[in-house]
Structure formats: structure tokens, C-alpha cells
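Peer 1: what's the 3D shape of this:
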Amino acid sequence: MGTLGRAELEAMIEEATVDAYNEGEQLTGLFTLLEECLDLPFTTAILGVEVTVHGVGLAPDGRIVALCSRGRVQQSIGILELPLPSPAPEGAEWIEAYRHWVG
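Peer 2: Here you go, the predicted structure:
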């Protein structure tokens, strides 16, 4: 991650928020493109434990979260705190755009 320049990130944000009138609608636009473009499921390690990321969601506090599971245990992790595997899954650049938008 971190390979896109500022202009590229801002173009992606513009694409996601072109019809948005407020911050909530901007968040929804970014979430929608992240949900559509991120290649799911994928595996990653959280605190040394392998988990499967099977989706993304919107938390009640307005953050985009990764929906993770290991066996029957499920947990939401803030997508900005999620360690990505190497190589990162297709569409992970939208996480970078979201990070830039959050500031």
C-alpha cells in the first residue's frame, strides 16, 4: 500500500463521491466502491492468527470495518487497522483512498 500518489487518490475519492452532498454520503460512496472492488474473501494475520476477511461493513460509529472470521468466531476490525497480506488483494487501493479521505 502507499503506492498511489495524492492526485490518484483524490481522483478515486472524486469518483466515489461525485454525487455526494455531505460527509455521510461521501462515506457511503467510498464504502460502496470498496465493497464492489475489494477481492473477497482473502486471508491475513491479526496478532499472529490467520483470519479470513469475508466482507466489509459500516460500523455504528461511521467507520468502514473488515468482517473477519476464524472458524465460528467473527469480529469486525477497522479497515484502516487491518494488516493486509502481501501481495494485497485486488481493490486494496480503495482502502488507501479511504485512508486519504479520512485524513
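Peer 1: Report the beta-bridge partners for G78.
Peer 2: With DSSP bridges as the criterion, G78 is bridged to V65.
Peer 1: Report the separation between it and L9.
Peer 2: 19 Å (CB to CB, to the nearest Å). All C-beta atoms are positioned from the backbone trio N, CA, C, and that covers glycine.
Peer 1: Go ahead and produce CSV holding the CA coordinates of the helix or strand containing L30.
Peer 2: Assigned by DSSP states H and E, L30 falls within helix 23-37. Output of helix 23-37 as CSV, limited to C-alpha atoms (Å, rounded to 0.1, in the frame of the first residue of the first chain):
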residue,chain,number,x,y,z
GLU,A,23,-19.9,13.6,4.6
GLY,A,24,-22.3,10.7,5.2
GLU,A,25,-23.0,10.3,1.5
GLN,A,26,-19.3,10.6,0.8
LEU,A,27,-18.6,7.7,3.3
THR,A,28,-21.3,5.7,1.6
GLY,A,29,-19.8,6.3,-1.8
LEU,A,30,-16.3,5.2,-0.7
PHE,A,31,-17.8,2.2,1.1
THR,A,32,-19.8,1.1,-2.0
LEU,A,33,-16.7,1.2,-4.2
LEU,A,34,-14.6,-0.6,-1.6
GLU,A,35,-17.3,-3.3,-1.3
GLU,A,36,-17.5,-3.7,-5.1
CYS,A,37,-13.8,-3.6,-5.9
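Peer 1: residues of that helix that come out buried?
Peer 2: Neighbour-count burial for helix 23-37 flags 26-27, 29-31, 33-35, 37 (criterion: 16 or more other CB atoms under 10 Å).
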